[in-house]
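Enquirer: sequence and predicted structure, then a few things I'm wondering about:
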Amino acid sequence: MTKLSVNINKFATIRNSRGGNNPNVVKAAEDAQLFGADGVTVHPRPDERHIRYQDVYDIKKIITKEFNIEGNCEEQKFIDLVLNAKPTQVTLVPDALNQITSNHGWDTIKHKKYLSEIIDVFKNAGIRVSIFVDPVIEMVEGAAKTGTDRIELYTESYATQYLINKEKAISPYINAAKRAAELGLGLNAGHDLDLQNLRYFAQNIPHLDEVSIGHALICDALYLGYENAIQLYKRQLM
């Protein structure tokens, strides 16, 4: 079954808006695991506007399942963080400074040399590597040449088009997933997946290892409760 990794950034966003330690992001990570998540995802950014670098070290201490750190590997501070924290997986995202949220995948052809070098750094440290890509066959093929273990398909366009024409929305993702499997790449997905569109995505994408979901799940948790929301998302993946 496809694994669910819960991105807990939004807990940190709320905490930082008032100072103090409420909500406690370490407890949010503990509870995600307790409530059935297969892993925890964090995405620290240079301005620490949500997850702080110290949070990553604190969360690492209580992780009993998979730990995924996302971020911009062009920042030395991020590289050092990942190498010191040694998560299960690092997901490399081509974020610009001060970017609100991730909005595109890597150009794996243009950045092949750089990606190959940084992927080697993390893999040599025993960390599984996934890189963020758009559902474009050439980008998937380019990713395979970097030495990455997995790719994460950026799913905003699927989510945006889902209510208009779900068959058309998912078509490029099916093709990208099939090509990834042919090339021996593991497959993750994330961004704007929610209770409306997740089941259809999971049922139609072959060889889907993991989805990473934060914003929608935490929004649902405000109304439905944290444990209930995690369980509802897990059911979409069955």
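Expert: Happy to help now that I have it.

Enquirer: mind listing the strands for the chain?
Expert: Assigned strands in the chain, in chain order: 3-7, 39-42, 66-71, 89-92, 128-133, 150-154, 186-190, 210-213 (criterion: DSSP state E).

Enquirer: how about residue 150, what does it touch?
Expert: 89, 128-131, 185-188, 209 (C-beta atoms under 8 Å, 6 or more residues apart in numbering). In this view, the C-beta of every residue, glycine as well, is placed from N, C-alpha and C.

Enquirer: for these, give me a markdown table that also has pLDDT, neighbour count and distance to residue 50.
Expert: Converted to a markdown table, those look like this (pLDDT from 0 to 100; neighbours: other C-beta atoms under 10 Å; distance: C-beta to C-beta, whole Å):
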| residue | pLDDT | neighbour count | distance to residue 50 |
| --- | --- | --- | --- |
| 89 | 98 | 25 | 19 |
| 128 | 98 | 17 | 24 |
| 129 | 98 | 25 | 23 |
| 130 | 98 | 27 | 20 |
| 131 | 97 | 28 | 22 |
| 185 | 98 | 24 | 29 |
| 186 | 98 | 19 | 27 |
| 187 | 98 | 24 | 26 |
| 188 | 98 | 25 | 21 |
| 209 | 98 | 14 | 25 |
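
Enquirer: now flag whichever of those is closest to residue 169.
Expert: residue 187 (17.4 Å; C-beta to C-beta).

Enquirer: distance of residue 142 relative to residue 167?
Expert: 27 Å (C-beta to C-beta, to the nearest Å).

Enquirer: of the two, who's got more company?
Expert: Remark: of residue 142 and residue 167, residue 142 carries more neighbours, 21 against 11, as counted by other C-beta atoms under 10 Å.

Enquirer: leaving aside the residues next to it on the chain, what's closest to the more buried one?
Expert: Excluding its sequence neighbours, the residue lying closest to residue 142 (C-beta to C-beta, 6 or more residues apart in numbering) is residue 108, at 3.1 Å.

Enquirer: still on that earlier bit, closest to residue 231 out of the strands of the chain?
Expert: strand 3-7 (9.8 Å).

Enquirer: who does the closest one touch, helix- and strand-wise?
Expert: Counting contacts by 3 or more C-beta pairs under 8 Å, 6 or more residues apart in numbering; DSSP states H and E, strand 3-7 packs against strand 39-42, strand 66-71, strand 210-213, helix 215-224, helix 226-236.

Enquirer: in JSON lines, list these along with distance to residue 82 and mean neighbour count.
Expert: Output for these, formatted as JSON lines (distance: least, C-beta to C-beta, whole Å; neighbours: other C-beta atoms under 10 Å):
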{"stretch": "strand 39-42", "distance to residue 82": "11", "mean neighbour count": "27"}
{"stretch": "strand 66-71", "distance to residue 82": "6", "mean neighbour count": "24"}
{"stretch": "strand 210-213", "distance to residue 82": "16", "mean neighbour count": "26"}
{"stretch": "helix 215-224", "distance to residue 82": "23", "mean neighbour count": "17"}
{"stretch": "helix 226-236", "distance to residue 82": "25", "mean neighbour count": "18"}
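
Enquirer: can I get those in TSV with mean pLDDT and distance to residue 49?
Expert: Formatted as TSV, these follow (pLDDT from 0 to 100; distance: least, C-beta to C-beta, whole Å):
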stretch	mean pLDDT	distance to residue 49
strand 39-42	98	13
strand 66-71	97	13
strand 210-213	98	19
helix 215-224	98	14
helix 226-236	98	22
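
Enquirer: let me have those in CSV, adding distance to residue 28 as columns.
Expert: Formatted as CSV, the helices and strands packed on strand 3-7 follow (distance: least, C-beta to C-beta, whole Å):
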stretch, distance to residue 28
strand 39-42, 8
strand 66-71, 13
strand 210-213, 14
helix 215-224, 9
helix 226-236, 8
